[in-house]
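Asks: okay, here's the prediction I keep looking at, along with the sequence it came from:
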Amino acid sequence: MTPGDSADDLQRVFIHETFPTSTIGYIPVANFLKHPATETALRWLLGLTFVYSSLHKIAAPADFAKIVYGYLLFPDAAINLIAIMVPYFELVTGTALLLGLYPRAAVLITLVMLAGFMIAISINLIRGVEFDCGCFSTTGDNRSASVWQTLMPDILLFMMGLQVLFYRGRRKWCIRQTGGLLSNRSDELGF
């Protein structure tokens, strides 16, 4: 390299010398994250997680309302509305992710919900309030034991959601936005 080379050229040389080249690109991890199968697997995992977590809340809304009340964050008048609406949002967005129906919009709604969950959990962890997160059970057995057990699953799901949101390749196994059958082209309208 000569003194007049740009920073991009220097970075390209560093990456080329540090990581072996392949026909796809320089960094194997980056290639893995850009692969359509990775996006599909992450999208399906997010979808399954949200569908599964919604089922017990839909089956026992009164128990979920008690869990929402236990967060000590919402006015009493909003508890029942939250306890009824959140599980159905989870079910609809999870199903949309599984089917590939407007995947970017579905994952964006999922990310907003996850951000809300993380904020609510963080506030209670900072307060030192012992609570049941209500993520996968309404029995009250999931008391917050540690930050790792309570907050980290949401952080991991959030990172997976970001990967799905910013994926720019062709999505596999998606329902066309025109209402057609399974197709490789789900992003005709950008969402």
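Replies: Nice, I can see it.
Asks: do I have it right that L98 meets G47?
Replies: Yes. Shown here, L98 and G47 form a contact pair, counting by C-beta atoms under 8 Å, at 3.7 Å. Placement of C-beta: from N, CA and C, glycine included.
Asks: between the two, which one's more packed in?
Replies: Taking neighbours as other C-beta atoms under 10 Å, L98 and G47 compare with G47 leading, 23 against 19.
Asks: shouldn't the more buried one be in contact with E90?
Replies: No. In this structure, G47 is not within contact of E90 by C-beta under 8 Å, at 10.1 Å.
Asks: what about the closest residue to L42 other than its chain neighbours, how many residues nearby?
Replies: Ranked by C-beta to C-beta, 6 or more residues apart in numbering and with sequence neighbours excluded, the top spatial neighbour of L42 is M160, at 4.7 Å. A count of neighbours around M160, defined by other C-beta under 10 Å, yields 20.
Asks: which residues does M160 contact?
Replies: M160 is in contact with L42, L45, L46, counting by C-beta atoms under 8 Å, 6 or more residues apart in numbering.
Asks: what's next to the helix or strand hosting the first one, contact-wise?
Replies: With elements delineated by DSSP states H and E, L42 resides in helix 36-59, which encompasses its position. Residues outside helix 36-59 that contact it (C-beta under 8 Å, 6+ apart) are 32, 64, 83, 86-88, 90-91, 93-98, 100, 103, 107, 110, 134-138, 157, 160-161, 163-164, 167, 169-173.
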